[in-house]
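> One predicted model, sequence on top.
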Amino acid sequence: MSDPGEHPEHPEHGVEDLCAAGTALYRRALTEGHVSVTEAEAAAAPCLVDFGLLYPAVDDLSRLEPVAPTLALQQLLRASAQRIADERRREERLARAFEPLLRARGPYTAAPDDPSLRILSSMPRINEVLNEVMADASRELLCVQPHTSYIGKPVEPILEALVRDQALLDRGARIRTLYQHTLRHHPAVVARYEQLDGDVEARTLDEVTERLIVIDRRVAYVPANEERTLALEIRVPAIVEYFATAFDRLWRLATPMHPRAVQQPSLNGVTARQHAIAALLVEGHTDAVIADRLGMNIRTARVHIAKLAATLGSESRAQLGYLIGRSGILDREG
């Protein structure tokens, strides 16, 4: 077998991932009946000899002859089958070795039925687990819903959770949801509060955290990847309580949306939305970042920025930042 150090330009691979150079040289050897050692070295394909696909001719060591593909495949499959058989025998030995240990009884022998942290993969699995946990809930559901939970998604799947939520309300529990302000007129959100009956409230903020679900203050769920196809289930009491406390504090800062909506006040002609945009402008964010943070499209964000500039009499982006600071609109509470 060749030394990998002799061919540093040749990538390491298995016979099932034969390199392009090796494939071309092997095909040529099959067509012509042989290739020279010099040609093989020039092709930088030492893998063919290593895998036994080429071998030196008995009558001429400067020549390499190919093994027939059918024979080579049979040999490789036989070797693969042998490795599988060896692994199965190893599994049997492991099972025999651990069998008496599995019969032992003690505080550390049983697998936990309720792990503190686990990853849930795929939306069907996430919904299945949520249905199971919600069926046992009896006190409270806390939710944070950013605009990305709804924007661009069909209404029907979102409304499927209504049956689950109504069942919780029927058991005497309460539901509190924080939405991003731009969702207050979303069809799925409006339909939700037209159909739910019970102790259910909703409030809005310009900016919220990532999606969060806290059930009975004993289990929490947060996204585990950007696409939200994975979820992290958390049953660590200190972490769940931290999430619930953070929710409570955001709730006190939020504007009521349901059951009684409250109009956010304006100050000196500057609306609450423009106030939020002004704060981000002063921090130096671009239009795209401002739009994403506040859950709106970039065109809407630019319309608000233009109105804010007109209200303050600004003629440039740099002047707008200065006028925002001088106006004092960021000094007001909440």
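Received it, and whenever you're ready, just let me know what you need.
> Residue 115: what's it in contact with?
The contact partners of residue 115, taken as CB atoms under 8 Å, 6 or more residues apart in numbering, are residue 235. Yep, even glycine has a C-beta here, placed from its N, CA and C like the rest.
> next one: residue 323
Per CB under 8 Å, 6+ apart, neighbours of residue 323: 312-314.
> Model confidence for it, exactly?
pLDDT, residue 323: 74.
> can I get the contacts of residue 323 in JSON lines with neighbour count?
Listed next are the contacts of residue 323 as JSON lines, based on neighbours: other CB atoms under 10 Å:
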{"residue": "312", "neighbour count": "20"}
{"residue": "313", "neighbour count": "10"}
{"residue": "314", "neighbour count": "18"}
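> Quick check: helices, which of the residues you listed are part of them?
residue 312 (DSSP state H).
> now the contacts of residue 323 as a markdown table including distance to residue 243 and pLDDT?
Listed next are the contacts of residue 323 as a markdown table, based on distance: CB to CB, whole Å; pLDDT from 0 to 100:
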| residue | distance to residue 243 | pLDDT |
| --- | --- | --- |
| 312 | 38 | 78 |
| 313 | 44 | 79 |
| 314 | 40 | 77 |
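> Give the single residue among the contacts of residue 323 positioned nearest to residue 131.
residue 312 (50.6 Å; CB to CB).
> hang on, residue 13 in a strand?
No: going by DSSP: H, G, I helix; E, B strand; the rest coil, the assignment for residue 13 is coil, not a strand.
> Please report the distance of it from residue 51.
Counting by CB to CB, to the nearest Å, the gap from residue 13 to residue 51 is 10 Å.
> Kindly report the same for residue 307.
Applying CB to CB to residue 307 and residue 51 gives a distance of 70 Å.
> between those two, who's got more neighbours?
residue 51 (19 against 16; other CB atoms under 10 Å).
> list the contacts for that one?
Applying CB under 8 Å, 6+ apart, the residues near residue 51 are 15, 18, 76.
> Report the secondary structure state of the last one.
Read that as residue 76. helix.
> what's the burial count for it?
Burial measure for residue 76: 15 neighbouring residues, criterion other CB under 10 Å.
> Am I right that it is in contact with residue 53?
No: applying CB atoms under 8 Å as the test, residue 76 and residue 53 come out as separate, 9.4 Å apart.
> next helix or strand past the helix-or-strand element of the chain with minimal mean pLDDT?
Using mean pLDDT, DSSP states H and E, the weakest-scoring helix or strand in the chain turns out to be helix 155-159, at a mean of 57. Where DSSP states H and E defines the elements, the next helix or strand beyond helix 155-159 is helix 161-170.
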